[in-house]
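[1] no FASTA, just this:
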């Protein structure tokens, strides 16, 4: 019955949200476990607030211990609706079909009545956002080496989705809160509720905008054109965030909003790379690596999606060439003109009225940054 329900949900998704139909046999031996509600209630102490480890627009995440003694994380959807049902079905289906060391593992799910519960591997070091901006930020557990390891792991997870998964998968919501950290601080890309499956031969789709302000590629925010390159853009923003511990979008005095590209560009123009690094690192980082990582982030966030690298190229650069191409920074910033001023030229785009995102005001304008040409290859 559960498998039939999942199949029905997935067929509805294909029809209503223009997703490619997922060819899943109803008799397929799925790698996940179908939990009982009783077991998950017992594991989470009846979803007690003391067990709550996360909360968002989707609902809440609870820590628990299964009947086998394994630590688990249980996502409990807040309210049952057609939209929530679709996101639940997409996430379970995608997580059930992908296997990679840098993707959050699915253990199983429960679907009955008005309850939709997804069970994941528990990540003891929580999310990246907790270490950059949250409760663990002051402890500065992320030294430079760990940060670069997280960057590489996240990139490898995305490269798998874009180039190895069948069909290819666009995540659509890459951000710090969706990168979880295991016991060894290894990155696990999570939350596939907004993901899109891309049929062979299709380079991009047009769809309603979903995601988080500050991370959205301009062509996606403006016109709803989604491609793997949109994830590359979001990854570039995430890379700058990991390096600097600056939020992707900050509210300045007077209500003005500044994105991280606006913030970083003047430092690049002045070659003041040491001022880009998170002050909590106290100067303990490899300067050549930092310069090259910033350059890579600027390439990933080029306003023209055709100029962005793909994630395989990003991984190759991170693992093989990071720190070896610092002279190319001049090509990255070479097109900045005096008219742009020290901060460059900001362009604002109105959010589509149907804009859906995770937990931010949809009346905010996105400021996309003409980041100094971003020409280097």
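    Ah, there it is. On a predicted model such as this, the values are computed, not experimentally measured, just so you know. Numbers count the residues shown, from 1 in each chain.

[2] pLDDT below threshold where in this structure?
    1-31, 57, 200-204, 321-377 (pLDDT under 70).

[3] Name the secondary structure element that contains the residue sitting nearest the centre point of it.
    Central residue of the chain (CA atoms, centre = their mean): residue 174, 1.3 Å from the mean position. Following DSSP states H and E, there is no helix or strand that holds residue 174.

[4] shouldn't it be in contact with residue 234?
    Yes: look at residue 174 against residue 234 with CB atoms under 8 Å: they come within range, at 3.8 Å. Heads up, the C-betas are built off the backbone N, CA and C, glycines and all.

[5] who touches both of these two?
    residue 215 (CB atoms under 8 Å, 6 or more residues apart in numbering).

[6] Which parts of the stretch 51-200 of the chain are strands?
    52-56, 59-65, 71-77, 106-112, 115-121, 168-170, 179-181, 187-189, 196-198 (DSSP state E, counting those that start in this stretch).

[7] any idea how far the last one is from the chain center?
    On the basis of CA atoms, centre = their mean, to the nearest Å, the separation between the geometric centre of strand 196-198 and that of its chain is 15 Å.

[8] repeat for the first one
    Using CA atoms, centre = their mean, the mean C-alpha position of strand 52-56 is found 17 Å from that of the whole chain.

[9] tilt between it and strand 59-65?
    On the basis of axes from the mean of the first three to the mean of the last three CA atoms, to 10 degrees, strand 52-56 is oriented at 160 degrees to strand 59-65.

[10] Output the contacting helices and strands for strand 52-56.
    Using 3 or more CB pairs under 8 Å, 6 or more residues apart in numbering; DSSP states H and E, the elements in contact with strand 52-56 are strand 59-65.

[11] again, but for the last one
    Other helices and strands packing on strand 196-198, by 3+ CB pairs under 8 Å, 6+ apart, are strand 168-170.

[12] ok, back up a step: which ones are touching the residue nearest to the centre of the chain?
    154, 158, 189, 215, 231, 234-235, 238 are the contacts of residue 174 under CB under 8 Å, 6+ apart.

[13] Can I get the residues you listed in JSON lines including distance to residue 75?
    Putting the contacts of residue 174 into JSON lines (distance: CB to CB, whole Å) gives the following:
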{"residue": "154", "distance to residue 75": "20"}
{"residue": "158", "distance to residue 75": "21"}
{"residue": "189", "distance to residue 75": "15"}
{"residue": "215", "distance to residue 75": "21"}
{"residue": "231", "distance to residue 75": "21"}
{"residue": "234", "distance to residue 75": "21"}
{"residue": "235", "distance to residue 75": "23"}
{"residue": "238", "distance to residue 75": "21"}
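
[14] can you redo those residues as TSV with distance to residue 120 and neighbour count?
    What follows is those, written out as TSV (distance: CB to CB, whole Å; neighbours: other CB atoms under 10 Å):
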residue	distance to residue 120	neighbour count
154	17	27
158	18	29
189	12	26
215	22	29
231	21	31
234	21	27
235	22	28
238	20	27
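
[15] now, which of these sits nearest residue 305?
    Nearest to residue 305 out of those is residue 231 (CB to CB; 10.8 Å).

[16] Do I have it right that the closest one meets residue 157?
    No: taking contacts as CB under 8 Å, residue 231 lies outside contact range of residue 157: 10.4 Å.

[17] sec struct for the residue lying closest to residue 301 once chain neighbours are set aside, please.
    Take residue 301 and drop its neighbours on the chain: the residue closest to it by CB to CB, 6 or more residues apart in numbering is residue 236, 3.9 Å away. Reducing the assignment at residue 236 to three states with DSSP: H, G, I helix; E, B strand; the rest coil gives helix.

[18] which residues touch residue 236?
    Listed by CB under 8 Å, 6+ apart, the contact partners of residue 236 are 296-301, 308.

[19] Check which residues of the helix ranked longest in the chain are buried.
    In the chain, taking DSSP state H as the definition, the longest helix is helix 144-163. Under the neighbour-count criterion of 16 or more other CB atoms under 10 Å, helix 144-163 has 144, 146-162 buried.

[20] Checking residue 232 next. Helix, strand or coil?
    helix.

[21] Double-check it against residue 299; I have them as touching.
    No: counting by CB under 8 Å, residue 232 sits too far from residue 299 to count as a contact (9.0 Å).

[22] Common neighbours of the two, please.
    308-309.

[23] Tell me how many other residues surround residue 124.
    12 (other CB atoms under 10 Å).

[24] Name the nearest residue to it, ignoring sequence neighbours.
    residue 183 (5.1 Å).

[25] And the one you found, how far from residue 62?
    19 Å (CB to CB, to the nearest Å).

[26] and if you look at residue 87?
    Taken as CB to CB, the span from residue 87 to residue 62 is 18 Å.

[27] The stretch 251-377 of the chain: helices as residue ranges?
    Ranges of helices in the stretch 251-377 of the chain, per DSSP state H, counting those that start in this stretch, are 260-269, 287-300, 311-316, 329-333.

[28] Does residue 78 touch residue 61 like I think?
    No: between residue 78 and residue 61 there is no contact under CB under 8 Å: 11.3 Å.

[29] Pick out whichever of those two has more residues nearby.
    residue 61 (22 against 13).

[30] wait, isn't residue 264 in contact with residue 240?
    Yes: under the criterion of CB under 8 Å, residue 264 makes contact with residue 240 at 5.9 Å.

[31] overlap in contacts of those two?
    246, 276, 294.

[32] Residue 269: how many residues sit nearby?
    15.
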